[in-house]
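Student: all I have is the shape, not the residue letters:
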């Protein structure tokens, strides 16, 4: 195996060359003669460079022809060779005194360093692409480049490298399968730890330990997001982390986590129920599981991602629910604060066509008022259908060590390598919703802009996860109707 | 205790009012009639809002008079009341369809929502401040505001709220003392886990578990940075995380971590030596400890922070070392990827005067070529001197459970509540440096810009942590000389 610094290379030089080549094809299509890459996940993808150094500015200069150059803080540049395959002469450190200074920015120095290498003029032939919406690329850094390089016409590259990352290589899939092993271990650790009286931090500690410890054969990497544990009433909100409160009897605890291996992520969400769920939560869980199963049944190369969203909402609609937010997103390499790739979203406005070896977190979060349910699967689009990366019981999962043993008998809806089958466990026996219709979020919280939709010409979106006020919550399920919100033809196009 | 949502408020409304008042004093001084706050640490500081939602755009509008308004993604706005003290009408969610869309940005919507509330004109009386160098405020978000609000004159607020955070309240100090308990626990967990044959991930898992588990009385929060474990030869680089390689005999392992409690951080770095150190590492450790002790002896209200840097380098210089990078930074509230406040740096270019209840991570990292040493103390400036938040042996610390027991007898240089005393353990007996003079980093890695200093008019800085080539590395320590690089009067001012 080839070496990079002191470590074996994770990917072959051919694979790195293919990545760069794919980026350059897109650069040519977009009229770019150079690209400035600032997203740490994209830097890692192109160069292999991997360190917790992204809290100070760094970038990779990618010309259409010629060598890439990695610019980091000097103290990081000196050790960059330990993780990147770039030769030493392509790693440049900017001086320490540019760090956290009000009147300077490291990109002032970087711009001049590019200029002194005579790289400005060749790149001025076309436009130069910037990652305008990347984390860690600040407006100050942007203005440094604008001011220091007036010859350049700077344009948004629109997540160019992120889009190259969308389709995974066999090696990347292997890494994700290894990450999935950690995902399973961590979710089992959560299941063991969740019991009435346990503190949320106890559960988080067990998860974190399992995520990093990995197995005897391979150690876990840090996930881009810490465990999220919306619990009890606060399960109506997705991104709460943990506190040190103790789990009360009959409270559900949602766990969203990921296993990570060499920065590749496989996330999973489950809802644990150490006790007796309310009828409304049981109903919500059954409906959501059914909708997830219907989506898994639909996934295949050639299918538009918007169809997944439509299938999900159509199924949910039968039970009187609707979900306004996306039902998933592309996954792979991730750095805090996000393990998503920020490209493909599984929603009605997205027209991307599924291709083999795309990977997604199919994330079905239903955040109601005072309760909630989450279930998800990390999936790979195969040549004919879908593979889930993990196998863990869905539904309201029993918790505690006893619960873990009991749940062995729960029907699995998705098994690695198998095509998922539709139908939630015991769904027919579920009671109907018992809650009051939910007020729209805009009514409960703050300002409603009556003209918001005329700003973009898009459809009015029904508030997220609302139980529809125009339906009788006590009535029987009816035949599916496609909600208007899932009709993409009425959506604006840029 | 007052309630916020379902949780007791961490700070009184008076304390929140004082924070906002202090921010507004600075706003007035800077000519700002409104401020746009995007840094999650600043949002938390002003509003208490705390969730892992900063991977999508969010901001707080702070007018010079009137109510603050928090804008987040709709799914997060619905649960924001669980952590912020802001009233529901001051929490506004932007629609889901603005998330990760190439032709839209959430701040397009936010700008219009501000406009429709008639808040643009009042804020146009002065300038409007932006956090131009905040993480998670992207150039795309910046351009959205610029384009949507042409009436506003936007200026950099230069970390306005970060500067308000520099001096801690008694409650904040209490929280940091609690975080320090977790810091100590986590470092002891590291010490127990580090032994020849242990994998780096085993150590990281033990640290992470201890950080989050906390104590029976209080649970730990997630730290803004994962454990960093530069090991063996790669200890010459500061920001490497971990892998699953096993610790070799006589390899040193650096551990940098923090305890966190309600987002307040107390970091610590130590270098563990499960075996026999090389003479050069022993010498480096003794010299660095001595320099750290000298700094601790100097800290007091009224002292300029640059003096701390001078004292450190003057002491190091006696042993033939020099450190180009800063020796610390202000700490407190932190979110990934940084637990520093991005305001005060302990270096020769910083003219800030120490004040009571400022808190710093006094971070003495010496990253040499093929080896390195780190030692640090989190400190509070008291009314007369300094308090260290933690008490953990310094020097090359023995590791493994046996080592942990042995290290109980090591002299502590800093104890909480006590003034640190100078002098490293057994320093007189240390051998002289045995290494070759180190090539400057610019010589080893890539491009050197001969005119780099004329760009800013600043002094030439000696490469980081270099053993000085102009000194005889085998010669005896000499009387301290102040290096020219620490003379602030020759530094440019903006």
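Tutor: Arrived safely. Because the structure is a prediction, the values reported are computed rather than measured.
Student: flag the shaky bits of the stretch 301-450 of chain A, pLDDT-wise.
Tutor: Along the stretch 301-450 of chain A, the parts satisfying pLDDT under 70 run over A:402-450.
Student: helices along that one, start to end?
Tutor: A:305-318, A:400-406, A:441-444 (DSSP state H, counting those that start in this stretch).
Student: same question for the stretch 51-200 of chain A.
Tutor: A:74-77, A:106-116, A:120-123, A:139-148, A:160-164, A:170-193, A:200-213.
Student: give me whichever of those is most buried.
Tutor: Mean neighbours per residue, mean count of other Cβ atoms under 10 Å in any protein chain shown, is largest over the helices of the stretch 51-200 of chain A for helix A:200-213, with a mean of 26. Where C-beta positions appear, they are placed from N, C-alpha and C, glycine not excepted.
Student: and the angle for the next helix or strand along the chain from it with helix A:200-213?
Tutor: As assigned by DSSP states H and E, the chain's next helix or strand after helix A:200-213 is strand A:253-261. Interaxial angle, strand A:253-261 versus helix A:200-213 (axes from the mean of the first three to the mean of the last three Cα atoms, to 10 degrees): 20 degrees.
Student: so is strand A:253-261 next to chain B?
Tutor: No. Strand A:253-261 lies out of reach of chain B by Cβ under 8 Å from any Cβ of the partner chain, never closer than 9.6 Å.
Student: what mean pLDDT does that strand have?
Tutor: Averaged across strand A:253-261, pLDDT comes to 98.
Student: which elements pack onto it?
Tutor: Packing partners of strand A:253-261 (3 or more Cβ pairs under 8 Å, 6 or more residues apart in numbering or on different chains; DSSP states H and E): helix A:170-193, helix A:200-213, strand A:264-272, strand A:372-381.
Student: so does the first one get close to chain B?
Tutor: Just to be clear, that refers to helix A:170-193. No. Using Cβ under 8 Å from any Cβ, helix A:170-193 never reaches chain B; the gap is at least 10.4 Å.
Student: what's that helix packed up against?
Tutor: Using 3+ Cβ pairs under 8 Å, 6+ apart, helix A:170-193 sits against helix A:200-213, strand A:253-261, strand A:264-272, strand A:372-381, helix A:400-406.
Student: can you put those in CSV and add distance to residue A:105?
Tutor: What follows is the helices and strands packed on helix A:170-193, written out as CSV (distance: least, Cβ to Cβ, whole Å):
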stretch, distance to residue A:105
helix A:200-213, 34
strand A:253-261, 31
strand A:264-272, 31
strand A:372-381, 38
helix A:400-406, 52
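Student: kindly report the domain assignment for chain A.
Tutor: If you go by automatic domain parsing, the domain ranges for chain A are A:13-164, A:170-443.
Student: dump these into JSON lines; add distance to residue B:111 as well.
Tutor: Listed next are the domains of chain A as JSON lines, based on distance: least, Cβ to Cβ, whole Å:
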{"stretch": "domain A:13-164", "distance to residue B:111": "15"}
{"stretch": "domain A:170-443", "distance to residue B:111": "18"}
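Student: which one of those domains lies closest to residue B:378?
Tutor: Each of the domains of chain A has some distance to residue B:378 by Cβ to Cβ; the shortest is domain A:13-164, at 17.8 Å.
Student: so for the closest one, what's the average pLDDT?
Tutor: 97.
Student: and the closest residue to residue A:195 other than its chain neighbours, how far is that from chain B?
Tutor: In space, residue A:195 comes closest to residue A:400 once its chain neighbours are excluded; the distance is 3.9 Å by Cβ to Cβ, 6 or more residues apart in numbering or on different chains. Relative to chain B, residue A:400 is positioned 18 Å away (Cβ to the nearest Cβ, to the nearest Å).
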